[in-house]
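A.B. asks: Whatever this is, show me its structure:
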Amino acid sequence: MKNKYSTPLLASGILAVIVLIFLLFLYQYKLPHHWEVNLYHDDGNPYGTKYLYEVMKQSRDSSHFVLISNSISEDLNIADSGSAYLFAGRNFYADSADKKALLDFVTKGNDLFISIHTPFARGYSFYDAMENFSILNYLCIDSFVDTGTYVSFVYETHVLPFWFYYVHNLKFEENIWYYFDNCEEDSGFFSTGNYCQSTLNEKYCNMIAFEEGKGTVYLFTNPLMLSNHYLAEPEGLDFANLVLKNFEGKKIYWDEASKYSKVSQPPIPNGSFLKYIFSQPGLKWAWYLLVCGVILFIVFRSRRMQQIIPLMPENKNNAANFVRSTAMLYLSSGNHSKIASEMMRQFLSYVKIKYGIKIKMNNTNDYLFDLANVSGVDSEVFKSIFKLNIQLEVSNESENYRLKELNNYLDYFYNNCK
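C.D. replies: Okay, here's the model as predicted:
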């Protein structure tokens with residue numbers, strides 16, 4: 001006889017195998033890292049800035065490290081003095097309010113450090129960041145192409161040059177290395193020893209510093225040198241310390257908001273949905289849990305299931321209705337002695353069970369003290385209860401007020417006895 005449950009089990013098994021093969025394929029296909037240049041502070045891949053961000057954050061207390069996540073104009077406190085603003089990103093997106101905030105911030109006696117990977121592009125480059133600064137008239141940028149370069153610091157003659165090479169997908173490749181140049185030939189504005197702080201190959205100035213108001217502005221053309229790929233080595237960390245040495249001990253404003261366009265969402269690395277998921281630890285584990293949950297649901301759902309047991313109708317308690325009907329019957333007949341007798345029977349039963357006192361109605365005065373002692377209710381209450389009971393038993397008239405009074409005394413007893 002054919003097992004009617006074999007088909008679902010076989011289908012779920014095949015599906016589980018397909019999913020496992022798919023996961024293995026993704027694991028084999030996915031590179032250990034993605035090499036896209038984004039310089040985001042939460043990206044642990046080679047060309048992210050997570051390592052620099054964490055080092056600078058951990059070296060300061062929470063009040064001396066501020067992440068600008070909304071906009072410069074909203075999160076930057078221009079009333080500060082002796083603080084530093086730091087930006088190292090692929091592109092620089094800022095509106096007029098952001099640029100004015102930067103100018104006000106530095107003129108009050110703070111520092112700016114701006115490093116942009118695409119310094120030529122109009123709309124999100126050095127030209128736009130420096131829109132309100134007088135340096136714009138002298139700011140020219142040039143470049144050369146090579147697989148590597150070395151960097152020397154002008155005022156750190158005792159330090160050996162740092163060698164930087166460009167790697168993409170674990171292969172050495174050519175890269176564009178940007179530097180500042182004289183806008184006018186022989187002007188010497190960015191020459192070594194003037195505004196220049198460091199050079200590429202000892203002749204191209206890649207970092208300048210100039211005063212603006214009471215503060216100082218630092219412009220650096222190679223933010224890739226501050227990425228995870230280079231800071232993973234001790235030499236790269238030493239290089240970053242020299243580049244940012246003037247910010248030691250200062251309050252830092254790390255600008256992450258200006259790395260994203262105001263009109264678009266953060267880009268997905270390499271344009272791949274799955275690659276972006278696997279590049280983020282949280283999303284990666286959420287994906288794994290989702291796939292495992294689907295597999296477990298299919299496997300257990302395919303097993304033989306017991307037929308659903310229908311809900312039984314809820315039992316109805318008609319005791320209250322019965323008591324109500326009986327009480328109305330007695331009241332309509334006008335025979336209150338029967339109602340009083342039932343009330344006293346319940347009272348005597350309650351006292352016997354709760355306190356162990358069996359009351360004999362022919363001599364109730366003997367129990368007044370004991371009842372008051374064990375229940376905490378005044379003995380006059382019990383005396384009134386017994387008196388009203390006798391009156392209702394011997395009276396042939398309809399005395400509603402006495403029945404109500406007896407009910408009140410009994411309610412008082414039930415609510416106040418201990």
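A.B. asks: For the rest of this, base every contact and every neighbour count on C-alpha atoms.
C.D. replies: OK.
A.B. asks: Could I get the pLDDT score of the residue most central in space within the chain?
C.D. replies: The residue lying closest to the centre of the chain (CA atoms, centre = their mean) is Gly282, at 11.7 Å. Looking at Gly282, its pLDDT reads 77.
A.B. asks: My reading is that it lies in a helix. Confirm?
C.D. replies: Yes. Counting by DSSP: H, G, I helix; E, B strand; the rest coil, Gly282 is found in a helix.
A.B. asks: Compute the distance between it and Ala240, please.
C.D. replies: 29 Å (CA to CA, to the nearest Å).
A.B. asks: As a check, name the ranges of all helices in the stretch 101-250 of the chain.
C.D. replies: Using DSSP state H, counting those that start in this stretch, the helices assigned to the stretch 101-250 of the chain run over residues 126-129, 228-231, 234-243.
A.B. asks: Out of those helices, the one nearest Tyr367 is which?
C.D. replies: Across the helices of the stretch 101-250 of the chain, Tyr367 has its closest neighbour in helix 228-231 (91.4 Å, CA to CA).
A.B. asks: I'd like the C-alpha coordinates of that closest one written as CSV, please.
C.D. replies: What follows is helix 228-231, C-alpha atoms only, in CSV (Å, rounded to 0.1, in the frame of the first residue of the first chain):
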residue,chain,number,x,y,z
ASN,A,228,40.7,49.2,6.8
HIS,A,229,43.0,47.7,4.3
TYR,A,230,46.0,49.8,5.4
LEU,A,231,45.2,50.4,9.0
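A.B. asks: In JSON lines: the helices of the stretch 101-250 of the chain, plus mean pLDDT, mean neighbour count and distance to Tyr93.
C.D. replies: Formatted as JSON lines, the helices of the stretch 101-250 of the chain follow (pLDDT from 0 to 100; neighbours: other CA atoms under 10 Å; distance: least, CA to CA, whole Å):
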{"stretch": "helix 126-129", "mean pLDDT": "77", "mean neighbour count": "23", "distance to Tyr93": "8"}
{"stretch": "helix 228-231", "mean pLDDT": "94", "mean neighbour count": "21", "distance to Tyr93": "23"}
{"stretch": "helix 234-243", "mean pLDDT": "94", "mean neighbour count": "16", "distance to Tyr93": "23"}
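A.B. asks: Next, format these as CSV and append distance to Ser375.
C.D. replies: Shown next, in CSV, are the helices of the stretch 101-250 of the chain (distance: least, CA to CA, whole Å):
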stretch, distance to Ser375
helix 126-129, 86
helix 228-231, 80
helix 234-243, 82
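A.B. asks: Identify whichever of these lies nearest to Lys354.
C.D. replies: Closest among those, using CA to CA: helix 228-231, at 78.7 Å.
A.B. asks: low pLDDT regions in the protein?
C.D. replies: Per-residue confidence for the chain (pLDDT under 70) gives these ranges: 1-33, 120-124, 136-137, 184-194, 263-276, 279, 301-307, 316-336, 395-399.
A.B. asks: According to the record, where do the domains of it fall?
C.D. replies: By the assignment in automatic domain parsing, the chain contains the domains 50-266, 330-416.
A.B. asks: Pick the most deeply packed of those domains.
C.D. replies: Sort the domains of the chain by mean neighbour count, taking mean count of other CA atoms under 10 Å, and domain 50-266 sits at the top with a mean of 18.
A.B. asks: ok, back up a step: rebuild the domains of the chain as CSV, extending it with distance to Leu290.
C.D. replies: CSV is the format used below for these (distance: least, CA to CA, whole Å):
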stretch, distance to Leu290
domain 50-266, 24
domain 330-416, 58
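A.B. asks: what's the closest of the ones you listed to Pro313?
C.D. replies: Closest approach to Pro313 among the domains of the chain (CA to CA): domain 330-416, 32.3 Å.
A.B. asks: quick revisit: the residue nearest to the centre of the chain and Leu410, how far apart?
C.D. replies: Computed with CA to CA, the distance linking Gly282 and Leu410 is 67 Å.
A.B. asks: So which other helices or strands are in contact with whichever strand or helix holds Leu371?
C.D. replies: Following DSSP states H and E, one finds Leu371 within helix 368-375. Applying 3 or more CA pairs under 8 Å, 6 or more residues apart in numbering; DSSP states H and E, we find helix 368-375 packed against helix 379-394.
A.B. asks: Show residues contacting the helix it packs on.
C.D. replies: Contacts to helix 379-394, defined as CA atoms under 8 Å, 6 or more residues apart in numbering, come from residues 336-337, 340-341, 344, 364-365, 368-369, 371-372, 399, 402-403, 405-406, 409-410, 413.
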